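Colleague: Dropping the sequence and predicted coords here.
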Amino acid sequence: MTVARHTIVTALRRRGQHTRADWVERELPPQVDTTRHSGLLATLRLDLAELDGSTAR
């Protein structure tokens, strides 16, 4: 499954984590593979259920 990078960035900015959001924008591809980047998503404390399901595939 993939999630659009902008969805992750939006979730981080909503939480006030602008520095992390900026890093994600620079370092991750436009479509983030949730399996490959599961450790990073866990570190960022992002739950797939928290992310907008309309952009997940």
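Modeller: Looks like it arrived, so ask away.

Colleague: Run through this structure and note the low-pLDDT ranges.
Modeller: Applying pLDDT under 70 to the predicted model, the residue ranges of the chain that meet it are 52-57.

Colleague: center of it - which residue?
Modeller: The C-alpha lying nearest the average C-alpha coordinate of the chain belongs to Ile8 (CA atoms, centre = their mean; 2.7 Å).

Colleague: Which element, helix or strand, includes it?
Modeller: According to DSSP states H and E, Ile8 maps onto helix 5-14.

Colleague: contacts for the next helix or strand after that helix?
Modeller: Where DSSP H and E defines the elements, the next helix or strand beyond helix 5-14 is helix 18-27. With contacts defined as CB atoms under 8 Å, 6 or more residues apart in numbering, helix 18-27 is touched by Arg5, Ile8, Val9, Leu12, Arg13, Leu44. In this view, the C-beta of every residue, glycine as well, is placed from N, C-alpha and C.

Colleague: State the number of residues packed around the fourth one.
Modeller: Using other CB atoms under 10 Å, Leu12 has 21 neighbouring residues.
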